[in-house]
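Q: Need the 3D shape of this:
(one chain, ligands or ions: 1)
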Amino acid sequence: MKEIFKSSLKKNGIDKEWYFKDGMNFRDNTLWWGECKKRTASHEGIDFGYVIGDDGICNINEDFIVSNFLDGSIIKVIDDFIGKSVFVKHEIFNESKELFSIFGHVKTQLEEGPIGSFDNIGTISTRKNIPVHFHYSLVWIPEKTSFDLLAWDKLNSNESVLFIDPKSFKMPK
Ligand SMILES: [Zn+2]
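A: This is a model prediction of the structure:
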């Protein structure tokens, strides 16, 4: 996935690497903005907001184009606490679970339908006092799960749903 993440920077004309602060990584327990607060639940994905290059670490801006990482179809767009969350299902299966991506805190006009890798999802939604970033989750969801259950609180409390670390994801053979 690392190369795919890097391509999303190239697409924005940024020749740098993603930089992840403590708190931005998968299963981190601290919030990376504000005053060292704990998260209410461990982080179910990674946050993209900073890049590092010769001139140091910089925050991306809200015009950053968020592009899709893996081929699939958008099956739901919901509100989250900063913007919209876009659910993409990938038709990649493992032990009767299907792989989904969730892009959070975006501004998008997209509705349900097919979406290719590197297709635009939208830009970044912002909220006062929270630095510009978008969230990305990769999650195995049991097949035949009702789309009604595709909501953050319901996914977090469902034991058969398995969030994984996008940074170490490898395609199942
Ligand atoms: Zn996040």
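Q: Could you use CA atoms for every contact and neighbour count after this?
A: Fine.
Q: Phi, psi for Ala6 please.
A: That one is not Ala; residue 6 is Lys. When read as degrees, to the nearest 10, the backbone of Lys6 gives phi -70, psi -40.
Q: same question but for Glu3, I mixed them up
A: Dihedral angles (degrees, to the nearest 10) for Glu3: phi -70, psi -40.
Q: count of residues packed around it?
A: By other Cα atoms under 10 Å, 7 other residues sit near Glu3.
Q: Look at the residue nearest in space to the middle of the chain and report its pLDDT.
A: Geometric centre of the chain, nearest residue: Tyr136, 1.0 Å, by Cα atoms, centre = their mean. Note for Tyr136: predicted pLDDT of 98.
Q: partners of it in the sheet?
A: Ile46, Phe103 (DSSP bridges).
Q: which residues does it contact?
A: By Cα atoms under 8 Å, 6 or more residues apart in numbering, Tyr136 lies in contact with Gly45, Ile46, Asp47, Phe48, Ser101, Ile102, Phe103, Gly104, Pro166.
Q: Next, count neighbours for the third one.
A: The one in question is Asp47. 24.
Q: Not counting sequence-adjacent ones, nearest residue to it?
A: Sequence neighbours aside, His135 is the residue nearest to Asp47 in space, at 4.5 Å (criterion: Cα to Cα, 6 or more residues apart in numbering).
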